[in-house]
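Novice: 3D, please:
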Amino acid sequence: MHPTPELASLLRRTADRIQSQRWGFWDTEYRWQDSTRCNCGLLVREALGWDGDQLSLRIHRGTWRSIAQTAYRTAALTLRDPLQQEQRCSVTGLRLGYVFAKMAEWGFDRPEDFAALEELSDPVILARLAEKGLEQVQRNSAMHVVLYMRELAGWIDEQLQAQAQINRLTQTLHKEEEVPVRQSVRLG
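Specialist: Numbering: from 1, shown residues only. This next block holds a predicted model:
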């Protein structure tokens, strides 16, 4: 994962929508077993502004981990072999790699990012939640998903703040290293 302010905001918006269950007329319930209504499915829908039909991944039965691994592997193959056909979404007709390319722009750039969100399994986030009293996180509990996404967003904010501080310190050090060179002038 590449921490971005946009990703932190996206995680918070998605958590808010899951908590309030405002996903439209047909999508009023969080459902971990449905690839368009689960942890990753809802995040992707929020990122792309799509409804469940637009994100239909029915051609891929399985977890977001397997979907992401297939998409990244297929994308790599199509780069090497232009005749290789990338699978497409059964509803939108878009290549599945499009979904993952867009998510990479937000900061979710590896299959492991999807796996960790789908399973709520990132050890750093789990440790942070445990410190706050949530010891047993359930991947298919809407409230646990909300807490996990908000904690992940907080961790991203902290990473971005730390990186900004490192950048400021580095710039200060570089300025101090730039000592003006004095030139001697000989007269006559």
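Novice: only C-alpha atoms for contact and neighbour calcs from this point on.
Specialist: Noted.
Novice: tell me, what residue is most central in the chain?
Specialist: residue 108 (3.2 Å; Cα atoms, centre = their mean).
Novice: hmm, residue 4 and that one touching each other?
Specialist: No: assessed by Cα atoms under 8 Å, residue 108 is found out of contact with residue 4, at 9.4 Å.
Novice: please identify the buried residues of stretch 100-114?
Specialist: For stretch 100-114, the buried set under the neighbour-count rule, 16 or more other Cα atoms under 10 Å, comprises 100-101, 103-104, 106-114.
Novice: can you list contacts of that stretch?
Specialist: 1-4, 6-7, 40, 44, 47-48, 64-65, 68-69, 71-72 (Cα atoms under 8 Å, 6 or more residues apart in numbering).
Novice: same thing but at 7 Å, please
Specialist: Contacts to stretch 100-114, defined as Cα atoms under 7 Å, 6 or more residues apart in numbering, come from residues 1-4, 6-7, 40, 64-65, 68-69.
Novice: same question, stretch 128-142
Specialist: Contacts of stretch 128-142 (Cα under 7 Å, 6+ apart): 18, 30, 32, 118-120, 144-145.
Novice: residue 143 sits in which helix or strand?
Specialist: For residue 143, the element it lies in under DSSP states H and E is helix 142-177.
Novice: can you list the buried residues in that helix?
Specialist: For helix 142-177, by 16+ other Cα under 10 Å, it's 142-157, 159-160.
Novice: tell me how far the residue lying closest to residue 151 once chain neighbours are set aside lies from residue 99.
Specialist: Nearest residue to residue 151 in three dimensions, chain neighbours excluded: residue 125, at 6.5 Å (Cα to Cα, 6 or more residues apart in numbering). Counting by Cα to Cα, to the nearest Å, the separation of residue 125 from residue 99 is 25 Å.
Novice: who's more crowded, these two?
Specialist: residue 125 (21 against 18; other Cα atoms under 10 Å).
Novice: surely residue 37 touches residue 43?
Specialist: No: under the criterion of Cα atoms under 7 Å, residue 37 is not in contact with residue 43, lying 9.0 Å apart.
Novice: neighbour count winner among the two?
Specialist: Of the pair residue 37 and residue 43, residue 43 is the one with more neighbours under other Cα under 10 Å, namely 26 against 23.
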